[in-house]
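Trainee: need a structure here:
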Amino acid sequence: MKFDGLLAALQAGKIDFIVSGMTPTEERKRVLIFQMFTIMLFKQL
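Mentor: Predicted coordinates for the structure are as follows:
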């Protein structure tokens, strides 16, 4: 799916969430709830 179709797909119920580098602009904040999180990967030595 192309990036510019993610928001419409989310609103239409075609997808459940977006995992991406989407910046929380004022326009997007009006229709989305942004949750900032960090994924930590550990390399086993």
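
Trainee: quick one: the helices in this structure, in order.
Mentor: Counting by DSSP state H, the segments of the chain that form helices are 6-11, 26-29.

Trainee: export these to JSON lines and tack on mean neighbour count?
Mentor: Using the backbone N, CA and C atoms, a C-beta is placed for each residue, glycine as well. As requested, those are exported to JSON lines (neighbours: other Cβ atoms under 10 Å):
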{"stretch": "helix 6-11", "mean neighbour count": "14"}
{"stretch": "helix 26-29", "mean neighbour count": "9"}
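
Trainee: how near is residue 11 to residue 32?
Mentor: 9 Å (Cβ to Cβ, to the nearest Å).

Trainee: tell me which of the helices of the chain sits nearest to residue 19.
Mentor: helix 6-11 (9.8 Å; Cβ to Cβ).

Trainee: go ahead and measure how far that closest one is from the middle of the chain.
Mentor: From the chain centre to the centre of helix 6-11 is a distance of 10 Å (Cα atoms, centre = their mean, to the nearest Å).

Trainee: and residue 22, how many neighbours?
Mentor: By other Cβ atoms under 10 Å, the residues close to residue 22 number 13.

Trainee: make CSV out of the helices of the chain and add mean pLDDT.
Mentor: Formatted as CSV, the entries for these read as follows, by pLDDT from 0 to 100:
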stretch, mean pLDDT
helix 6-11, 86
helix 26-29, 85
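
Trainee: which one, of those helices, ends up nearest to residue 18?
Mentor: Taking the helices of the chain one by one with Cβ to Cβ, helix 6-11 is closest: 5.1 Å.
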